[in-house]
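K.L.:
Predicted coordinates and the sequence they were generated for:
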Amino acid sequence: MPGEDGNKVIIFDTTLRDGELMPGVQINVEQKLELAQFLEFMKVDVIEVGYPAAKEKDFAALFQVAQLVKDSIVCALASDKLEEIMVAAQAIKPAAQGRIHLYTSVNLKERSIHSQAETLARIKESVTTAKNYCADVEWSAFDATRCEPDFLCQAVETACASGATTISIPDSLGTASPESFAQLIQMLQQRVREIDCTTLSVHCHDDLGLAVENSITALHSGARQIECSINGLGARKGNADLVTVVREIARMPDYYTNVNLNQLDSASELVKQIIEKIP
Ligand SMILES: CC(C)C(=O)C(=O)O
């Protein structure tokens, strides 16, 4: 991975985006602002604030967070549709450090050469377009753990060649085991040479209660960014819990994060209070 220090693990918080997909969770713009400022204060590296093309309030939240937050990267999610990329770019315009996070589903149900070629073309076009707006572009291989491995390699190669600076391998439905997830990450490291020029990220869901273990295991296979959320909020059973991930890494001799360990309990409490206020 690029950068001066290969042992640093980048902490990417998605409480404000994937966290809101947990049944019953809603976070309003003021609460997003409050939590984003706290995440910056505790030195989270990347804050994913929302999906602005899908939710109008996320556009407002992103635009305001982007004006206020200077030390963390402010990130907006978009699919590979060009209209969505433009909305994401507008939402993060005021950011001192902005990121556009793109995703494309790589688990193709119909495995025709035609649909594979179309998907690769969409990845190329979307990453290239996002790069015109923002130097920092993350690309996620949605449903990577259930994708055909040869096609996953081609998709990742395409995203790297088109200029993605971070490649994320999500276990979108939370079906992977630590062994199978580690093997997948190792396979990509071995077969896609260009991945070395990017930061390799993981995004694990907790359907089997393995999101933290899968994320930590991936570090040994070369991942250097972990996507997680405070109190593990996220779609269905949630994402890897940031508090646990950061504490686990702090106990490991080979890796470190920039996150202030003394603020973890307060962050957890703040999110609990926000959830309790939901009518
Ligand atoms: C959009 C992507 C990153 C996602 O949330 C997932 O794969 O679970």
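P.N.:
Arrived safely.

K.L.:
Wait, a strand at residue 170?
P.N.:
Yes. The assignment for residue 170 (DSSP: H, G, I helix; E, B strand; the rest coil) places it in a strand.

K.L.:
list the contacts for it?
P.N.:
103, 140, 141, 142, 143, 144, 145, 202, 203, 204, 205, 227 (Cβ atoms under 8 Å, 6 or more residues apart in numbering). Placement of C-beta: from N, CA and C, glycine included.

K.L.:
ok, now with 7 Å
P.N.:
Contacts for residue 170 (Cβ atoms under 7 Å, 6 or more residues apart in numbering) come out as 140, 141, 142, 144, 203.

K.L.:
Which of those lies at the shortest distance from residue 45?
P.N.:
Distances from residue 45 to these, taken as Cβ to Cβ, are shortest for residue 203 (14.5 Å).

K.L.:
For the closest one, grab the count of nearby residues.
P.N.:
30 (other Cβ atoms under 10 Å).

K.L.:
Same question for residue 83.
P.N.:
Residue 83 has 10 nearby residues by other Cβ under 10 Å.

K.L.:
what kind of secondary structure is the closest residue in space to it that isn't next to it in sequence in?
P.N.:
Nearest residue to residue 83, sequence neighbours excluded (Cβ to Cβ, 6 or more residues apart in numbering): residue 53, at 6.7 Å. For residue 53, the secondary-structure state derived from three-state DSSP is coil.

K.L.:
returning to what we had before: which of the contacts of residue 170 has the most neighbours?
P.N.:
Highest neighbour count within the contacts of residue 170, by other Cβ under 10 Å: residue 203, with 30 neighbours.

K.L.:
so who does the most centrally placed residue in the chain touch?
P.N.:
Centroid check for the chain by Cα atoms, centre = their mean gives residue 227 as the closest residue, at 4.7 Å. Going by Cβ under 7 Å, 6+ apart, residue 227 touches 12, 14, 168, 201, 202, 203, 239.

K.L.:
give me that answer again for 8 Å
P.N.:
Applying Cβ under 8 Å, 6+ apart, the residues near residue 227 are 12-14, 18, 48, 168, 170, 201-204, 215, 239-240.

K.L.:
out of the residues you listed, which is most surrounded?
P.N.:
Using other Cβ under 10 Å as the neighbour criterion, residue 239 leads the contacts of residue 227 with 35 neighbours.

K.L.:
and that residue, bridged to which residues?
P.N.:
residue 205 (DSSP bridges).

K.L.:
Can you tell me how far it is from residue 138?
P.N.:
For residue 239, the distance to residue 138 (Cβ to Cβ, to the nearest Å) stands at 16 Å.

K.L.:
same question, residue 212
P.N.:
To residue 138, residue 212 is 21 Å away according to Cβ to Cβ.

K.L.:
List the buried residues of stretch 206-223.
P.N.:
Judged by neighbour count (16 or more other Cβ atoms under 10 Å), stretch 206-223 contains these buried residues: 206-208, 210-219, 221-223.

K.L.:
What is the longest helix anywhere in the chain packed up against?
P.N.:
Counting residues, the longest helix found in the chain (DSSP state H) is helix 113-133. Using 3 or more Cβ pairs under 8 Å, 6 or more residues apart in numbering; DSSP states H and E as the contact criterion, the elements in contact with helix 113-133 are helix 82-91, strand 98-105, strand 137-142, helix 149-161.

K.L.:
Dump these to CSV, plus distance to residue 43 and mean pLDDT.
P.N.:
CSV is the format used below for the helices and strands packed on helix 113-133 (distance: least, Cβ to Cβ, whole Å; pLDDT from 0 to 100):
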stretch, distance to residue 43, mean pLDDT
helix 82-91, 23, 98
strand 98-105, 17, 97
strand 137-142, 19, 98
helix 149-161, 28, 97
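
K.L.:
Format the ones you listed as a markdown table; extra columns: distance to residue 121.
P.N.:
As requested, the helices and strands packed on helix 113-133 are exported to a markdown table (distance: least, Cβ to Cβ, whole Å):
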| stretch | distance to residue 121 |
| --- | --- |
| helix 82-91 | 13 |
| strand 98-105 | 11 |
| strand 137-142 | 14 |
| helix 149-161 | 9 |
